[in-house]
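**Student:** fold the following, please.
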Amino acid sequence: MIPLSLPEYKIKLSGTREHPTIWDVLRKKFVALTPEEWVRQHFVHYLIEHKNYPASLMANEVELTIGSKKLRVDSALYDNTLKPKMIIEYKAPHIAITQKVFNQISAYNMILHVDYLIVSNGIDHYCCKMDYESKKYLFLEDIPNYENI
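**Tutor:** Residues are numbered from 1 along each chain as shown. Sure thing, here's the model as predicted:
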């Protein structure tokens, strides 16, 4: 896998050469190692180890249902009452972060109404704070520490 612009961590790999897996600290199991999963695991560890996000309030692969349609949020952060506070969308490192990616996470947020949206391909990371009163979002210069959200 290619290097990312995220801190390294103690990666646990398993599986076979043809079907490698990586340990998901939130789901507590080995999952298929894809380029997107490589980004997800690095980003989750970054939030937990460097930004003080509590793993107990985070989840990966959160399923949403809108009528008969099922959507999947890559990662979510909840507050202490288990209300969603942040959603994160990951792309493989070779996928550019475009308006289409922001449209995807915005569609999820129409259901969840979280305070923060993050999009990352492991190289570029964007964090927005929602301002529902003004009906806009503000790009932040950095991913906020947990204490500041």
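**Student:** residue 130 contacts residue 109, doesn't it?
**Tutor:** Yes. Residue 130 is in contact with residue 109 according to Cβ atoms under 8 Å; the separation is 7.3 Å. To be clear about C-beta, it is placed using only N, CA and C from the backbone, and glycine gets the same treatment.
**Student:** next one: phi and psi at residue 110?
**Tutor:** phi -60, psi -30 (degrees, to the nearest 10).
**Student:** thinking again about what came up before, joint contacts of residue 130 and residue 109?
**Tutor:** By the contact definition Cβ atoms under 8 Å, 6 or more residues apart in numbering, residue 130 and residue 109 are jointly contacted by residue 117.
**Student:** let's verify residue 106: helix, strand, or coil?
**Tutor:** In three-state terms, and counting by DSSP: H, G, I helix; E, B strand; the rest coil, residue 106 is helix.
**Student:** what kind of secondary structure is the residue lying closest to it once chain neighbours are set aside in?
**Tutor:** Counting by Cβ to Cβ, 6 or more residues apart in numbering, residue 106 lies nearest to residue 117, which is 7.4 Å off, once chain neighbours are set aside. Secondary structure state of residue 117, per three-state DSSP, is strand.
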